[in-house]
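Novice: Generate coordinates for the sequence data below:
(one chain, ligands or ions: 2)
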Amino acid sequence: MQLLDVTELNTSFFTDGNVLRAVNSVSFSIPKGEIFGLVGESGCGKTMTALSIMRLVQPPGRIVNGQVIFEGKDLLLLSEREMEEVRGNRIGMIFQEPMSALNPVFRVGDQISEAIIIHKKAGKKEAKESAIELLRQVGFDDPGKRYAQYPHQLSGGQRQRILIGIAISCGPSLVIADEPTTALDVATESQIINLLQGLVDSSGMSMIFITHNLNIMRKFGRRIGIMYAGRMLEQNFVDAFFKEPLHPYSKGLLSSIYGLMGDQKRLTAIPGSVPRLAELPGGCTFHPRCPYVMPACREEEPVMKEIGKGQWVRCYLY
Ligand SMILES: Nc1ncnc2c1ncn2[C@@H]1O[C@H](COP(=O)(O)OP(=O)(O)O)[C@@H](O)[C@H]1O
Ligand SMILES: [Mg+2]
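Specialist: Numbers count the residues shown, from 1 in each chain. Ligands and ions are numbered 1, 2, ... in the order given. Now for the predicted structure:
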């Protein structure tokens, strides 16, 4: 039984008579206790997918259709009130910018307490005790002292730990982390990744980890989904993916990492650039850049096909 089952989710922007399909028939599911990496270049629809699941898409964007079954209920059919219960209570969120997500004038501990008071209807004293325990869980060995500090007194990595504390404060079954380490240096990034892995392992929650950095997923998470221009092009197990990615775009992404790392296997990066949503090519969206392009690819878009248990690819090669 899946914790989250997203089926044929479509979210578009409606501007000047144009329809931009930011999330284009995206489907994936996540079992309990697993980390799913949602990977793709900037602008491919990762954040819009996350916002659609949380029903936080703002106009001129709109969820057009699809299903988001979470804990057995379709979130797209809930009332706004029911959805508020889900947000912050059953699904926690961590975003890229730790500074802007924290309030500069309140002590960080109180910001965690506040979340606990709102979502768990706890009393002040009880909330403070839980907040201190959470500070310990997210890696502070002096939680009492940290509680009283203000955001500007903490480093970027420490602020991100506070936000992780807020996200897990109500014991969510799913956390959506949208590029939580992008603003951090590499050493801090790996500490945060270890923290997230530890929290998932100890709590049994599931996580959607969004990143434009494919390399992070090499040792993190169980499954991976590759997005391109609003489409999911491949879904695979992390081990299988890094051994042998299926989609030509995935192969190109992986080889561009090898190139960056100065690896022996010098493969060429993908020529060209991601098309703008207003100018999507017909057929497969990747065909103008694909080294394996065939006539069919220009005619009609391939469907997502399961070629092995849990391995999906949208490509005529399979
Ligand atoms: N306010 C907006 N108006 C029109 N288009 C938008 C708006 N916000 C995002 N988009 C479009 O949605 C696409 C996906 O954006 P996003 O999900 O933020 O990408 P990612 O998180 O993968 O970098 C972008 O390519 C952009 O064209
Ligand atoms: Mg984004």
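
Novice: If you tally nearby residues, what's the number for residue 218?
Specialist: Residue 218 has 16 neighbours, counted by other Cβ atoms under 10 Å. Backbone N, C-alpha and C define where each C-beta goes, glycine included.

Novice: Repeat that for residue 175.
Specialist: Neighbourhood size, residue 175 [other Cβ under 10 Å]: 23.

Novice: Can you pull the phi/psi pair for it?
Specialist: Per-residue torsions, residue 175: phi -120, psi 130 (degrees, to the nearest 10).

Novice: Quick one: residues contacting it.
Specialist: Listed by Cβ atoms under 8 Å, 6 or more residues apart in numbering, the contact partners of residue 175 are 91-94, 167-168, 196, 205-208.

Novice: Please report how far it lies from residue 67.
Specialist: Using Cβ to Cβ, to the nearest Å, residue 175 is found at 21 Å from residue 67.

Novice: helices or strands next to the least confident helix or strand in the chain by mean pLDDT in the packing?
Specialist: Of the helices and strands making up the chain, the lowest-confidence element is helix 98-101, at a mean of 76, by mean pLDDT, DSSP states H and E. Here helix 98-101 touches helix 156-168, going by 3 or more Cβ pairs under 8 Å, 6 or more residues apart in numbering; DSSP states H and E.

Novice: got the buried residues for the helix it packs on?
Specialist: Residues 156-168 are the ones in helix 156-168 that count as buried (16 or more other Cβ atoms under 10 Å).

Novice: related to what we said a few turns ago, from the contacts of residue 175, which land in helices?
Specialist: Using DSSP state H, the subset of the contacts of residue 175 located in helices is 167-168, 196.

Novice: Tabulate those residues in a markdown table, adding columns for distance to residue 145 and pLDDT.
Specialist: Output for these, formatted as a markdown table (distance: Cβ to Cβ, whole Å; pLDDT from 0 to 100):
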| residue | distance to residue 145 | pLDDT |
| --- | --- | --- |
| 167 | 22 | 95 |
| 168 | 21 | 96 |
| 196 | 24 | 97 |
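
Novice: Quick one: neighbours of the residue in the stretch 151-300 of the chain positioned nearest to ligand 1, just the number.
Specialist: Closest to ligand 1 within the stretch 151-300 of the chain is residue 277: 4.7 Å, counting by Cβ to the nearest ligand atom. When neighbours are defined as other Cβ under 10 Å, residue 277 has 20 of them.

Novice: same question, the one 10 residues further on
Specialist: By the measure other Cβ under 10 Å, the count of residues near residue 287 is 21.

Novice: Identify the residues contacting it.
Specialist: 281, 293, 297-298.

Novice: CA atoms of the least confident helix or strand of the chain as CSV?
Specialist: The C-alpha coordinates for helix 98-101 follow below in CSV (Å, rounded to 0.1, in the frame of the first residue of the first chain):
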residue,chain,number,x,y,z
PRO,A,98,16.0,28.9,5.4
MET,A,99,16.4,32.7,6.1
SER,A,100,13.1,33.8,4.5
ALA,A,101,11.1,31.0,6.0
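
Novice: How far does the helix or strand following that helix sit from its chain's centre?
Specialist: Next helix or strand after helix 98-101 toward the C-terminus (DSSP states H and E): helix 108-120. Mean-position distance between helix 108-120 and its chain equals 24 Å (Cα atoms, centre = their mean, to the nearest Å).

Novice: Can you list the neighbours in contact with helix 108-120?
Specialist: 88-89, 102-103, 106, 122-124, 126-128, 130-132, 134-135, 146-151, 154, 159, 162, 165-166, 169-170.
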